[in-house]
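1. generate a structure from the sequence data that follows.
(4 chains)
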There are 2 protein chains.
Amino acid sequence: METWKKFDADGLTHSATHHLLAIEELGRQYGGWARVSDIARHLGITRGSVSISLGPLKERGLVEVDEHRMVKLSPQAQTMVDEVLAKREALERFLSQVLGLTPEQASVDSCKIEHLISPRAAERLVQFMKFIAGGDPAARELVQRFRQYEGDCPTDGNCAVCQGKCLLARLAEVPGAG
Amino acid sequence: METWKKFDADGLTHSATHHLLAIEELGRQYGGWARVSDIARHLGITRGSVSISLGPLKERGLVEVDEHRMVKLSPQAQTMVDEVLAKREALERFLSQVLGLTPEQASVDSCKIEHLISPRAAERLVQFMKFIAGGDPAARELVQRFRQYEGDCPTDGNCAVCQGKCLLARLAEVPGAG
DNA sequence: AAAAAGTGTTTGACACATCAAACACTTGTA
DNA sequence: TACAAGTGTTTGATGTGTCAAACACTTTTT
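-> Sure thing, here's the model as predicted:
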């Protein structure tokens, strides 16, 4: 009953995560270094906002600054960003390759979700994707079948999510799971 | 590059969602009616905060007020809450029954994620759970196998998420998917 | 009936994330 | 070289979500 308020993983807010991510992406061309202006453009916010947001990140040792005011991720921040990207990739693949969302929708959803899922969930999701994509033909075949499946449910659909296409209320437990 | 800022589904913020959810839960014993104090206790915030948060929800016609200052969800809000609960349940089941998280962790994660996933992702996730839990023995057996699977990866593990237990970078595409 | 406890609201404050506008400084162009 | 353009910061503002404290009102207890 108290957990719902805690919103940031590693003390990284959604906004901060995107600032670090932007530095990572922009820095690829310049040995990790990026400019405030480019970060702002990349995120679609003003230079002033970026300047302010970067303040706490510098203080926390996540962002380093040049004498030419170029900014760069600290090793610690780089690790955090790697984790974020790994989580996001696993999510994105699950959403597109298993659930069958368009790549665009999968990308949007995974961006929003990535920084909220627990490390354990991320780990298991990665393993799930390995499991599904791995050598086992049964797993691959099953995903193929699900991609065809549209879950047309013969019952009196009143599921709020799928609006008549399914009936969540009668969703059976996975036997022996949970 | 612009979507990352938009954060609320249906214009319902995370906070507003929880206020509505609290009214729904507390109202079960009193024909849908709840008190500000109880909502505050339930959410672990002050009465003042609830009072203020309820203001916009009243104006938007999502929350109705009694002459005794009891509050209740409007039909529209009830529908929204039903959707949220359905999404959350599908997520929670996926996390616990498929990925094998503890029920507690599954609950926490689904609470955080629920209001961010797109309708399409929610719909497909519900269908996925139906598919998995449905009559097909192959699907059920596969989930059982995954629950055993811990994804011990023989490669030089440098995956930031699973820290050596897997290698996300070499995660294969699901053939024919995406 | 009086005192105590509880309830809902309002106020002033803070943190976060954003903006526009002004400022000082650097870079690029004419 | 001078002027224009671009860059990074600062300031004052807004909106959201929270707090503590004060206030008025109602309910319960004594």
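
2. in chain A, what residue is nearest DNA strand C?
-> Per Cβ to the nearest atom of the strand, A:T13 is where chain A lies closest to DNA strand C, at 2.9 Å. C-betas here are computed from N, CA, C, even on glycine.

3. just the pLDDT for that residue.
-> Predicted confidence (pLDDT) at A:T13: the value is 90.

4. equivalent analysis for A:S118, please.
-> 87.

5. same check on A:E92?
-> pLDDT, read off for A:E92, is 93.

6. low-scoring stretches of chain A, by residue?
-> Chain A contains residues with pLDDT under 70 at A:1-10, A:135, A:151-178.

7. so which bits of it are right by DNA strand C?
-> A:13-16, A:44-49, A:52-53, A:56, A:68 (Cβ under 7 Å from any atom of the strand).

8. as CSV, those with secondary structure would be great.
-> Listed next are the residues of chain A next to DNA strand C as CSV, based on DSSP: H, G, I helix; E, B strand; the rest coil:
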residue, secondary structure
A:T13, coil
A:H14, helix
A:S15, helix
A:A16, helix
A:G44, coil
A:I45, coil
A:T46, coil
A:R47, helix
A:G48, helix
A:S49, helix
A:I52, helix
A:S53, helix
A:P56, helix
A:H68, coil
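
9. now, the most widely separated pair of those?
-> Using Cβ to Cβ, the residues of chain A next to DNA strand C span at most 29.1 Å, a distance reached by A:H14 and A:H68.

10. circling back to that earlier point, how many neighbours does the residue of chain A closest to DNA strand C have?
-> Neighbours of A:T13 under the rule other Cβ atoms under 10 Å in any protein chain shown: 15.

11. in what helix or strand does A:Q78 lie?
-> Here A:Q78, judged by DSSP states H and E, is contained in helix A:75-93.

12. and the next helix or strand past that helix?
-> Moving toward the C-terminus from helix A:75-93, the next helix or strand (DSSP H and E) is helix A:103-114.

13. distance from the chain centre to the helix or strand following that following helix, please.
-> Next helix or strand after helix A:103-114 toward the C-terminus (DSSP H and E): helix A:119-133. On the basis of Cα atoms, centre = their mean, to the nearest Å, helix A:119-133 sits 13 Å off its chain's mean C-alpha point.

14. my read: A:A139 touches B:L142, true?
-> Yes. The pair A:A139 / B:L142 is scored as a contact, 5.9 Å apart, by Cβ atoms under 8 Å.

15. on that earlier part again, among the residues of chain A next to DNA strand C, who's most crowded?
-> A:A16 (22 neighbours).

16. now it: closest residue in space, sequence neighbours ignored.
-> A:L57 (6.3 Å; Cβ to Cβ, 6 or more residues apart in numbering or on different chains).

17. what's the neighbour count on that neighbour?
-> For A:L57, using other Cβ under 10 Å, the count is 20.

18. surely it touches A:K72?
-> No. Using Cβ under 8 Å, A:L57 makes no contact with A:K72, being 11.3 Å away.

19. between those two, which contacts overlap?
-> Shared contacts of A:L57 and A:K72, defined by Cβ atoms under 8 Å, 6 or more residues apart in numbering or on different chains, are found at A:V63.

20. chain neighbours aside, what residue packs nearest to the residue most central in space within chain A?
-> What sits nearest the mean C-alpha location of chain A, by Cα atoms, centre = their mean, is A:E114, with 2.5 Å. Once flanking residues are discounted, A:E114 sits nearest to A:R88: 4.3 Å by Cβ to Cβ, 6+ apart.

21. ok so, going back, for the residues of chain A next to DNA strand C, which one is nearest chain B?
-> In terms of Cβ to the nearest Cβ, no member of the residues of chain A next to DNA strand C lies closer to chain B than A:G44, at 5.1 Å.

22. and the closest one, how far is that from A:A77?
-> Distance of A:G44 to A:A77, given as Cβ to Cβ, to the nearest Å: 21 Å.

23. re earlier: which residues touch the residue nearest to A:A16?
-> Here A:L57 is in contact with A:16, A:19-20, A:63, A:77 (Cβ under 8 Å, 6+ apart).

24. wait, A:A133 touches A:R140, no?
-> Yes. At 7.5 Å, A:A133 counts as touching A:R140 under the criterion of Cβ under 8 Å.

25. need the contact list for the residue nearest to the centre of chain A.
-> So A:E114 contacts A:17, A:84, A:87-88, A:91 (Cβ under 8 Å, 6+ apart).

26. run the last query once more with 6 Å
-> A:E114 makes contact with A:87-88, A:91 under the criterion Cβ atoms under 6 Å, 6 or more residues apart in numbering or on different chains.

27. highest neighbour count among the contacts of A:L57?
-> Result: A:H19 is most packed of the contacts of A:L57 (other Cβ under 10 Å), 25 neighbours.

28. ok, it touching A:S53?
-> Yes. With contacts counted by Cβ atoms under 6 Å, A:H19 reaches A:S53, the gap being 5.4 Å.

29. which strand or helix spans A:K72?
-> According to DSSP H and E, A:K72 maps onto strand A:71-73.

30. ok, that strand near DNA strand D or not?
-> No. Strand A:71-73 stays clear of DNA strand D (Cβ under 7 Å from any atom of the strand), getting no nearer than 7.9 Å.
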